[in-house]
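Colleague: sequence first, then the predicted structure:
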Amino acid sequence: MAENPNAYRCLVVLPTYNERENIARVVDAVLSADERLDVLVVDDSSPDHTGAAVREIELRTPRVRLIERARKMGLGSAYLLGFETGMREGFAAVCTMDADLSHDPQYLVEMLSSRGGYDVIIGSRYAAGGRIEGFNIWRKLNSAVANVLARRFIGNDVRDCTSGYRLYSTSFLQKLNLPALEASGYSMLVELLYEARLSRARVTEHPIVFKNRIAGKSKVSYLELLGSLRTLFRLKVRQMKERSALPREVLEPSEGPLPLR
């Protein structure tokens, strides 16, 4: 039986909405970073025709593909679609990354090299060596408060609970009940990590430098902030009903799935 061609590859999921100014550059950066990386763009029918820009790239390389949805459905559901695609097609890992050039794909190469034995690797702005460039006071305060609240559920050993730059082992994703996740926006990041910790995932952080977008508009709105508060409240209620705390110990990596070669 022939070996699955994706068994040692990583699928990079880029959710997009009005990212035409950035999408070609970020896709090119991902493809140039490592030959083991494929790109899946999940676009929510962007009015600026981001999808059309991706279709042009698709014609040039089989390593890029587009899923264009009929309406704006949110970041969380785009992640789930990417996870389902990665598992169905036998990829070794799935990476989620912003499509606005805030996340440098070169960090992903470093994360892949340390993947063996970890279920989730977080590209962390707050781990030793990580930092943020270009945030105003409001964005810094919002990020700090969100992480303080999230750590009440995730554990203090994880510094950056709201980073969207993550590498997931698909063998671990298969163990999660992904359809049961309820958040649809950025708060999905906290809910995913909460589920991972409940499932005793081996989580680690890799320092990154996060650079605020240059082109386009941020998608972090007041509605997203309200959605995050609702998610945190729902997780608190669930935690109280279950009467069980998250495992607080830091789990060491096991032999786990093989690193990408």
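Modeller: Nice, thanks for sending it over.

Colleague: ok, and the closest non-adjacent residue to residue 98?
Modeller: Spatially, and ignoring its direct neighbours in sequence, residue 98 is nearest to residue 164 (5.7 Å; Cβ to Cβ, 6 or more residues apart in numbering). Using the backbone N, CA and C atoms, a C-beta is placed for each residue, glycine as well.

Colleague: for that neighbour, grab the count of nearby residues.
Modeller: For residue 164, the neighbour count with other Cβ atoms under 10 Å is 19.

Colleague: hang on, it in a helix?
Modeller: No: read with DSSP: H, G, I helix; E, B strand; the rest coil, residue 164 is coil and lies in no helix.

Colleague: pLDDT value on it, please?
Modeller: Per-residue pLDDT puts residue 164 at 93.

Colleague: help me confirm that it comes into contact with residue 187.
Modeller: No: contact criterion Cβ atoms under 8 Å: residue 164 and residue 187 do not qualify, at 11.4 Å.

Colleague: give me the element residue 129 is part of.
Modeller: Using DSSP states H and E, no element contains residue 129; it sits outside every helix and strand.

Colleague: now it. Nearest residue, chain neighbours left out?
Modeller: With Cβ to Cβ, 6+ apart as the criterion, residue 129 has its nearest non-adjacent residue at 3.5 Å, and that residue is residue 207.

Colleague: for the one you found, what are phi and psi?
Modeller: Per-residue torsions, residue 207: phi -60, psi 140 (degrees, to the nearest 10).

Colleague: what are the bridge partners for it, then?
Modeller: Taking DSSP bridges as the rule, residue 207 bridges to residue 124.

Colleague: count of neighbours near it?
Modeller: 18.

Colleague: check contacts around it.
Modeller: Residues near residue 207 by Cβ atoms under 8 Å, 6 or more residues apart in numbering: 124, 127-130.

Colleague: could you measure it against residue 130, distance?
Modeller: Distance, residue 207 to residue 130, using Cβ to Cβ, to the nearest Å: 4 Å.

Colleague: mind listing the shared neighbours of the two?
Modeller: residue 124.

Colleague: ok, the residue nearest the centre of the chain - contacts?
Modeller: Among the residues of the chain, the one closest to the centroid is residue 96, at 3.1 Å (Cα atoms, centre = their mean). By Cβ under 8 Å, 6+ apart, residue 96 lies in contact with 12-13, 15, 79, 82, 164-166, 168.

Colleague: and the residue nearest to residue 129, how far from residue 101?
Modeller: As judged by Cβ to Cβ, residue 207 and residue 101 stand 18 Å apart.
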